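**Q** below: sequence and its predicted model.
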Amino acid sequence: MAKSPSFLSAKAVGSFAYLTIKDRAPQILTKAIDTLHRHKNEFFEKHGEEGVEAEKKAISLLSKLRNEMQTDKPIVPLVEDCADTDLWNQHLEYQCSLLNESNEQPSWFRSPWLFVECYMYRRLHEAVIQSPPINDFDVFKESKDQNFFESQESITALCTYLQELIRTIEDLDENQLKNAFFKLLQISLWGNKCDLSLSGGESSSQKTNVMNSLEDLKPFILVNDLEHLWLLLSTCKKTREKALLNRVSIILDNAGFELVTDLALADFLLSSNLATEIHFYGKTIPWFVSDTTIRDFNWVIKQMKHCNRKWMSKCGLDWENYLKVGRWVYHDHMFWTLPHDYSAMPQVAPDLYAELQKACLILFKGDLNYRKLTGDRQWDFTVPFHQALNGFHPAPLCSIRTLKAEVQVGLQPGQGEQLAASEPHWLTAGKYGVFQFDAPL
Ligand SMILES: O=P(O)(O)OC[C@@]1(O)O[C@H](CO)[C@@H](O)[C@@H]1O
Ligand SMILES: [Mn+2]
């Protein structure tokens, strides 16, 4: 078996990983510190002097973290005893073993980018939980909520389209159903552009109506396996006995507009009978600035339900009902906020792997999921996606991802080189996307 290529890391000066750890990650910590500072009065009103002391402590812990990163200090073990602390510290020991020969310590600019970037968010969480009584504060909530509020035009247009689709769905022929399916998948793909960790926490809302740009965006889809998804789900629908369940699992990414696009897609899958149940997987802690937690998931549905726009409110009501009757299920699992790539899931989280195996299709949203699917390694662009998955095949799966990191596989010969020649930042600007499918052989 050929040796796998090296991990992306900030060792490569000028690389996107390097620029992230050097510039964007410290900027994200600074914004988190500013957010805590701006909530000082709220903490005082809620908790009195204890709240102000807690704010000071969290800020001091985050400032220390930022300094460790900016001065490339060794990565230190987590100290707060949580359910995942041992797994994190065991992984840190594994990272130490990778550097044994060079007699070096894991550090921000030497260790794999995936590890240190995930570690930063887990240390940020540790700083907050070490600061009671503000230990359940989400430093990213404001920006996730703002993304939702600033995307109202797109959300309204999407809900109006979805409700019209549902109203007429019995009259749609096979081809019309497929086109609607593809349209909602593309909206979910481009919803992934709205990612606050790429923008360093600056607003990245969907201010224009993405539905009007789908045709213009088609040339930016580098791998398009949509037909595989249609064939899989339409065949499951035709061959399914009445009772048999067809589960589609969605590994969520960002809250706000992207989450609404994923919920709209999920509604269509049920309304069209392409699936009988949808399982969603979010993050158990605030993660990569915009990622969805259970609070974000419930907040978006509640906001939709109570808003004064007819079709948005109808969607919110329907979606709340899907959850009530169990046709939509939300899962929390700590694995998604560990630093491991997905080929480690059978060993590290066999219960989660077994759960994913129950799906007839798994949709992985976003760039970080793509990085974890492919091990965040420096693969040649033409390496098959199946190979890069390194044995991770719980069920047929599809990555729905806009490119925001220097890892991409499954391209045609010369395709990557041609893009690099015309667009130096094609891998990281979020301008290109993929629908990349894999089925167990
Ligand atoms: O998973 P998402 O939300 O699509 O993107 C997350 C992400 O793009 O943000 C980082 C920027 O620091 C990337 O490296 C990382 O993959
Ligand atoms: Mn994300």
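**A** Cool, the structure landed. Residues are numbered from 1 along each chain as shown. Ligands and ions are numbered 1, 2, ... in the order given.

**Q** only C-alpha atoms for contact and neighbour calcs from this point on.
**A** Noted.

**Q** and the residue in the stretch 1-150 of the chain positioned nearest to ligand 1, how many neighbours does it have?
**A** Proximity of the stretch 1-150 of the chain to ligand 1 (Cα to the nearest ligand atom) peaks at residue 20, 5.4 Å away. Residue 20: 21 surrounding residues under other Cα atoms under 10 Å.

**Q** does it belong to a helix, a strand or coil?
**A** With DSSP: H, G, I helix; E, B strand; the rest coil as the basis, the three-state label of residue 20 is helix.

**Q** for it, list the residues it contacts.
**A** Residue 20 makes contact with no residue, according to Cα atoms under 8 Å, 6 or more residues apart in numbering.

**Q** and the pLDDT for it?
**A** At residue 20, the model reports a pLDDT of 98.

**Q** for residue 242, same thing?
**A** For residue 242, the model assigns a pLDDT of 65.

**Q** and the stretch 251-400 of the chain, which of its residues are near ligand 1?
**A** Contact residues (Cα under 6 Å from any ligand atom) of the stretch 251-400 of the chain with ligand 1: 253-254, 366-369.

**Q** now do 8 Å
**A** Proximity of the stretch 251-400 of the chain to ligand 1, by Cα under 8 Å from any ligand atom, involves residues 253-254, 288, 290-291, 365-371.

**Q** how about those residues in CSV, adding distance to residue 420, neighbour count and pLDDT?
**A** CSV is the format used below for these (distance: Cα to Cα, whole Å; neighbours: other Cα atoms under 10 Å; pLDDT from 0 to 100):
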residue, distance to residue 420, neighbour count, pLDDT
253, 27, 28, 98
254, 27, 30, 98
288, 27, 25, 98
290, 28, 25, 96
291, 29, 26, 98
365, 24, 26, 98
366, 21, 29, 98
367, 19, 24, 98
368, 21, 21, 98
369, 23, 21, 98
370, 20, 26, 98
371, 19, 21, 98
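
**Q** nearest to residue 95 among the residues you listed?
**A** Nearest to residue 95 among these is residue 371, at 17.6 Å by Cα to Cα.

**Q** verify the stated contact: the closest one with residue 407.
**A** Yes: counting by Cα atoms under 8 Å, residue 407 is a contact partner of residue 371 at 7.0 Å.

**Q** identify the contacts common to these two.
**A** Taking Cα under 8 Å, 6+ apart as the criterion, residue 371 and residue 407 both touch residue 377.

**Q** quick check: buried residues in the one helix or strand residue 228 maps to?
**A** Using DSSP states H and E, residue 228 sits in helix 226-239. Across helix 226-239, burial judged by 16 or more other Cα atoms under 10 Å covers 226, 228-230, 232-234, 236-237.

**Q** tell me the secondary structure at the residue nearest to residue 129 when sequence neighbours are not counted.
**A** The shortest distance from residue 129 to any non-neighbouring residue, by Cα to Cα, 6 or more residues apart in numbering, is to residue 135 (4.1 Å). Recorded secondary structure, residue 135: coil (three-state DSSP).

**Q** quick one: residue 135 and ligand 2, what's the gap?
**A** Counting by Cα to the ion, to the nearest Å, the separation of residue 135 from ligand 2 is 22 Å.

**Q** for residue 74, same thing?
**A** Remark: distance between residue 74 and ligand 2 (Cα to the ion) = 26 Å.

**Q** for the residue lying closest to that residue once chain neighbours are set aside, give me its contacts.
**A** The shortest distance from residue 74 to any non-neighbouring residue, by Cα to Cα, 6+ apart, is to residue 107 (4.4 Å). Applying Cα under 8 Å, 6+ apart, we find residue 107 in contact with 72-75, 116.

**Q** most surrounded residue in the residues you listed?
**A** Neighbour tally across the contacts of residue 107 (other Cα under 10 Å): the maximum, 23 neighbours, falls on residue 116.

**Q** so that one sits against residue 108, correct?
**A** Yes: in this structure, residue 116 is within contact of residue 108 by Cα under 8 Å, at 5.8 Å.

**Q** residue 280: what secondary structure?
**A** Strictly by three-state DSSP, residue 280 counts as strand.

**Q** tell me the pLDDT at residue 78?
**A** Looking at residue 78, its pLDDT is 98.

**Q** give me the domain ranges for the chain.
**A** When the chain is parsed with automatic domain parsing, its domains come out as 16-129, 141-438.

**Q** residue 5 is nearest to which of the ones you listed?
**A** Taking Cα to Cα, domain 141-438 is the member of those nearest to residue 5, at 5.6 Å.

**Q** contacts for stretch 233-244?
**A** Around stretch 233-244, the neighbours that count as contacts under Cα under 8 Å, 6+ apart are 246, 273-275, 360-361.

**Q** again, only using 6 Å
**A** Here stretch 233-244 makes contact (Cα atoms under 6 Å, 6 or more residues apart in numbering) with residue 274.

**Q** and residue 376, how far from residue 248?
**A** In this view, residue 376 and residue 248 are 25 Å apart by Cα to Cα, to the nearest Å.

**Q** this completes my enquiry, with thanks.
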